[in-house]
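Novice: return atomic coordinates for the entry below.
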Amino acid sequence: MEIFTNLFLLLITLSSLQFLVTSADLKTDESCLLALKSHITSDPHNTTNWTTNSPVCSWTGVTCRRNRVTELNISNAELAGGIPPQLGNLSALVSLDMGNNFFNGFLPPSLFNIPTLEVLILGNNSLSGSLPADMCRNGASRLRNLWLMTNRLFGEIPASIGMCLQLEYVRLRANNFSGNLPREIGNLSRLKELYVSRNKLNGSIPAELGQLKNVEILWMGDNELTGSLPRVIGRITTLRILHLMSNFLTGNIPKEIGNLKNLEILHIGGNLLTGFLPREIGNNTSLLELYFWGNDISGNMPKEIGQLNKIVVFDMGGNQLNGSLPSEIGQLNKIEVFDMRGNQLNGSLPSEIGNMTALNLLYLRGNNLIGGFPEEIGRLNNLQNMWVSFNKLTSPLPPTMSNMSSLEMIWLSNNFFHGNIPWGIFPPNVKEIDLSNNTYEGSISPQIGRFQNLTYLNLNMNNLLGTLPSTIGNLSNLKYVLLHSNKLSGEIPSSVCKLTSLEFFHMSNNTLEGQIPQCLGNLSKSLQVLHLKQNNFHGLIPSSFTKECALVSLNLNSNQFGGVLSQSFANCRQLQVLDVGNNEIRDVFPFWTETLPDLRVLVLKSNNFFGTILPPLKTSAPFPNLQIFDIAQNGFNGTLPDGYLSFIAMIDAKENITERDWFLQYFESMEFVIKGLEQPVKRILTTFTTIDMSNNDFYGNIPQSMGKLNSLRYLNLSHNSLTGRIPSSFGSMITLESLDLSSNQLDGEIPRQMTNLTFLAKLNLSMNNLVGRIPQSHQFNTFENDSYVGNEGLCGIPLTRKCEGDGGTSGLLPNEGDDDDGDDFVDGLTWLVVFLGYGCGVVIGVSLMYFMFQYGRPIWLMKLYVGVEYKIEKIKRCNRRIKKNEEEPWRD
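Specialist: Next comes the predicted model:
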């Protein structure tokens with residue numbers, strides 16, 4: 001009896017001790033969670049409303065077993081703050097899920113010391129730090145799920161990850177991990193999924209991956225992996241997804257890839273792979289999606305492609321494949337996307353393409369296909385997008401295209417289609433038509449009005465004739481009308497004003513005439529681009545642009561517009577390009593343009609603008625983004641506007657990569673005088689800067705402040721009446737490539753500071769009153785006489801007129817025998833030529849005297865001599881008269 005009593009007391013004692021220990025452990029768990037709560041800085045949903053007034057096992061997100069915290073799930077709660085290291089003291093924790101929050105700070109290494117931890121999910125936060133080098137050595141040996149994706153973790157993936165032998169799911173994508181992918185991953189025999197994409201991993205793909213017998217997903221794209229695709233990949237027969245996109249892999253595609261009979265997605269696009277597409281690819285009969293785009297794979301497409309009867313997406317765009325498309329592609333009756341753009345395919349399209357009845361997207365742009373579309377193309381009732389631009393197709397479009405009821409996008413530009421456009425075969429639901437850069441003729445049919453869903457119409461650069469049909473006004477969804485560079489005539493129909501969704505209206509380079517509808521201004525809430533350049537329009541420019549104006553580019557160059565430039569354009573706060581050059585506008589300078597914050601191009605050249613350009617009055621920083629200021633060939637007068645000639649965009653300009661090709665979106669070129677020649681410009685970089693104020697009536701000095709424009713590339717102030725000296729500050733315009741100050745009244749010496757202009761390729765200082773020695777250094781050593789002609793006071797190289805002394809004295813060396821004509825013809829002669837001339841003159845004179853004494857002044861000789869002398873004297877008198885008129889223009 002005593003024995004049983006003792007045993008009973010012992011059991012009670014042990015139970016009490018266990019309860020005390022368990023209570024102590026639970027208290028520890030509680031303190032760990034309260035430490036976490038204290039680090040949370042934002043809890044919008046009151047998720048961590050944990051207090052000691054309630055049992056820890058009843059707290060939100062907490063699960064207990066055997067009176068211990070075993071699970072913590074506070075995911076998707078919009079929590080912010082840090083994770084304290086005390087969380088690693090939850091010694092019974094099995095699952096920790098804090099994903100999809102806003103946690104930041106360092107990832108505590110103590111989490112990897114929890115011996116019971118199986119699931120660690122901290123993905124989609126902003127955690128930083130690195131994985132501990134000894135992970136899974138001192139704990140976490142039971143870890144099965146490691147989800148740390150979309151954080152800011154860095155450093156190498158430690159080799160000790162190979163000791164986490166229970167790992168099945170590893171998701172480390174979208175971090176900043178670097179270094180090699182550790183080969184010890186090959187030890188993870190239970191691994192099913194490995195996601196390490198969008199990091200900075202480098203080196204080669206370890207061959208040890210071939211040991212993974214259970215892995216189904218290898219997602220390693222968007223890294224910096226190099227080397228070849230290892231052949232041992234073919235051993236992973238369980239693989240369903242192989243994703244290696246956007247790395248630097250080289251070499252051939254191994255034929256062992258054909259062993260992956262369970263492969264569903266194969267993505268190795270955006271690498272540097274070469275060689276042929278192996279015929280063994282046809283063995284991957286489970287394949288649903290294949291992406292090989294952006295490599296250098298060459299050769300013919302193997303006919304075994306036809307065996308991929310489950311394929312849905314086939315993308316081999318941007319390679320070097322040649323030959324014709326095999327007829328076996330007709331066996332791909334489940335394919336929805338077929339992308340072969342940017343290869344070198346030739347031949348004609350096989351008729352079997354009509355069997356690809358599930359096809360939704362057909363991309364064959366940028367090949368060398370010839371012929372035309374087979375009639376069988378009409379069977380593709382599910383086809384929505386047809387992109388076959390930039391080929392060599394010639395044959396007319398087949399009438400069977402009218403059966404393609406789902407077709408929405410027809411892009412066939414840059415081919416050799418000709419004849420009339422077959423409007424009748426396009427399905428009524430079409431949304432986009434691009435037939436630009438072909439040789440279509442005839443007129444635009446009124447049938448165009450039946451395409452009620454049309455949003456994009458591009459017929460640029462054809463040979464279309466006739467007028468724009470009024471039925472275009474029926475297309476209420478139309479946003480883009482691109483008809484430039486045709487032979488269209490007549491007036492723009494007023495029905496275009498019904499196009500309330502119109503954003504882009506480009507009719508340049510036609511023979512359109514008449515007045516443009518004033519109601520176009522009423523479309524200003526949607527209209528972004530209005531280009532009517534090089535037509536025969538006349539009358540007034542629309543003046544009804546409202547405060548909600550969305551206009552970004554207006555180009556009316558080379559027409560016959562008159563009147564004034566409406567101030568309503570000041571409402572177009574997004575305007576970047578304003579070009580009304582080569583018209584008949586008669587107005588003062590449009591001062592309201594200075595307030596347009598995004599204006600980059602202002603062209604007023606070759607009009608009848610007049611008056612002075614006063615200093616800016618409306619803003620302290622006028623034209624904050626102006627790159628191009630062209631007001632040449634007008635009647636502006638007064639002094640140069642110092643307040644305007646301090647353009648911010650021409651000071652310390654740097655090329656903006658994101659806006660490098662901002663002008664290309666307008667499908668337009670502009671003409672500027674560059675280095676003395678008018679040249680078309682299709683790309684206007686953010687560093688392209690020019691000021692052209694030539695052929696006006698400006699007078700006075702050139703402002704010293706212009707020297708601040710250290711990013712200006714082209715400056716033309718020629719053919720004005722400017723006086724004074726060339727500012728020495730011009731030496732600070734270090735990017736200047738062309739400078740034209742010719743035909744003014746500038747005086748003084750050429751500033752030596754201008755030799756700092758090491759990019760200067762064109763210099764014209766002719767027809768001024770400059771004096772002194774021409775500087776000699778850098779680019780000035782390359783300029784010839786025509787840069788300085790008409791400046792009688794200049795001396796030194798390249799002129800033959802020498803300066804006094806050898807040490808740089810600026811005075812001229814006097815020339816004996818100069819006649820009073822004062823012309824500069826002798827500038828091009830050398831003393832050697834002069835002496836030779838005197839010698840020849842003596843010989844000829846002696847000969848003439850001999851003839852006269854011997855033959856008694858022969859009549860034929862006297863007529864010759866007197867006639868030549870008379871013509872020379874007549875030329876001299878004419879030159880004197882021209883020079884006198886130039887010096888005394890008031891006589892005119």
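Novice: what pLDDT is listed against Glu548?
Specialist: Looking at Glu548, its pLDDT stands at 86.
Novice: and if you look at Ser443?
Specialist: Confidence for Ser443, expressed as pLDDT, is 95.
Novice: pretty sure it is touching Thr467, no?
Specialist: Yes - contact criterion C-beta atoms under 8 Å: Ser443 and Thr467 qualify, at 7.3 Å. Heads up, the C-betas are built off the backbone N, CA and C, glycines and all.
Novice: and Glu655, how many neighbours?
Specialist: As a burial measure, Glu655 scores 10 neighbours (other C-beta atoms under 10 Å).
Novice: now do it, the pLDDT please.
Specialist: Predicted confidence (pLDDT) for Glu655: 70.
Novice: just checking, it is part of a strand?
Specialist: No - using DSSP: H, G, I helix; E, B strand; the rest coil, the assignment for Glu655 is coil, not a strand.
Novice: buried residues of stretch 606-624, list them for me.
Specialist: 606-607, 609, 613, 616, 622-623 (16 or more other C-beta atoms under 10 Å).
Novice: so which of the residues you listed sit within helices?
Specialist: Counting by DSSP state H, no part of those is found in helices.
Novice: taking the residues you listed, tell me the two that lie furthest apart.
Specialist: Using C-beta to C-beta, the buried residues of stretch 606-624 span at most 24.2 Å, a distance reached by Ser606 and Pro616.
Novice: worst mean pLDDT across the helices and strands of this structure, which element?
Specialist: None of the helices or strands of the chain scores lower by mean pLDDT, DSSP states H and E than helix 859-887, at a mean of 41.
Novice: circling back: among the buried residues of stretch 606-624, which one sits closest to Thr800?
Specialist: Thr800 has its nearest neighbour among those in Ser606, at 38.1 Å by C-beta to C-beta.
Novice: including distance to Thr47, could the buried residues of stretch 606-624 go into TSV?
Specialist: Converted to TSV, these look like this (distance: C-beta to C-beta, whole Å):
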residue	distance to Thr47
Ser606	70
Asn607	69
Phe609	68
Ile613	65
Pro616	57
Pro622	55
Phe623	54
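Novice: so which one among these has the lowest pLDDT?
Specialist: Lowest confidence among those: Pro616, with 58.
Novice: low-confidence stretches in the stretch 751-892 of the chain?
Specialist: 806-892 (pLDDT under 70).
Novice: right, I mislabeled it, should have said the chain
Specialist: For the chain (pLDDT under 70), the answer is 1-23, 615-619, 656-667, 675, 682, 806-892.
Novice: try 50 this time
Specialist: Residues of the chain that meet the criterion pLDDT under 50 lie in 8, 10, 13-22, 808-810, 814-840, 842-892.
Novice: show me where it has its helices.
Specialist: So, for the chain - with DSSP H - the helices run 2-39, 831-855, 859-887.
Novice: ok, the nearest residue to Phe248 once chain neighbours are set aside to Leu201 distance?
Specialist: What sits nearest to Phe248 in space, not counting adjacent residues and going by C-beta to C-beta, 6 or more residues apart in numbering, is Thr226, at 4.8 Å. Using C-beta to C-beta, to the nearest Å, Thr226 is found at 10 Å from Leu201.
Novice: show me which of the two is the more surrounded one.
Specialist: Neighbour totals were compared for Thr226 and Leu201, and Leu201 leads with 22 against 15 (other C-beta under 10 Å).
Novice: excluding chain neighbours, what is closest to the more buried one?
Specialist: Asn223 (4.2 Å).
Novice: same deal with Pro624?
Specialist: Pro624 sits nearest to Ile648 (C-beta to C-beta, 6+ apart), 5.1 Å away.
Novice: can you tell me which of the buried residues of stretch 606-624 is nearest Leu148?
Specialist: Phe623 (50.8 Å).
Novice: pretty sure that closest one sits against Trp592.
Specialist: No - counting by C-beta under 8 Å, Phe623 sits too far from Trp592 to count as a contact (11.6 Å).
Novice: who touches Tyr480 in this structure?
Specialist: 455-458, 503-504 (C-beta atoms under 8 Å, 6 or more residues apart in numbering).
Novice: er, Gln320 actually
Specialist: 296-298, 343-344.
Novice: what pairs with it across the strands?
Specialist: According to DSSP bridges, the partner residues bridging Gln320 are Ser298.
Novice: residues touching the closest residue to Asn486 other than its chain neighbours, list them.
Specialist: Spatial nearest neighbour of Asn486, excluding adjacent residues (C-beta to C-beta, 6+ apart): Leu464 at 4.2 Å. Contacts for Leu464 (C-beta under 8 Å, 6+ apart) come out as 440-444, 483, 486-488.
Novice: which non-adjacent residue is nearest Ser566?
Specialist: Ser543 is the one closest to Ser566 (C-beta to C-beta, 6+ apart), at 3.5 Å.
Novice: over to Gln776?
Specialist: Per C-beta to C-beta, 6+ apart, closest to Gln776 is Ile797, 6.1 Å.
Novice: can you check Ser204 too?
Specialist: Once flanking residues are discounted, Ser204 sits nearest to Gly227: 3.2 Å by C-beta to C-beta, 6+ apart.
Novice: the one you found and Leu127: what is the separation?
Specialist: From Gly227 to Leu127 the distance is 31 Å (C-beta to C-beta).
Novice: next: Ile353.
Specialist: In terms of C-beta to C-beta, Ile353 sits 51 Å off from Leu127.
Novice: before we move on, what about Arg68?
Specialist: Taking C-beta to C-beta, one finds Arg68 at 26 Å from Leu127.
Novice: kindly report the same for Asn555.
Specialist: Using C-beta to C-beta, Asn555 is found at 52 Å from Leu127.
Novice: circling back to that earlier point, ok, Gly227 and Leu127, which is more surrounded?
Specialist: Neighbour count, other C-beta under 10 Å: between Gly227 and Leu127, Leu127 has more, with 23 against 15.
Novice: was I right to think Asn385 contacts Leu412?
Specialist: No - in this structure, Asn385 is not within contact of Leu412 by C-beta under 8 Å, at 11.9 Å.
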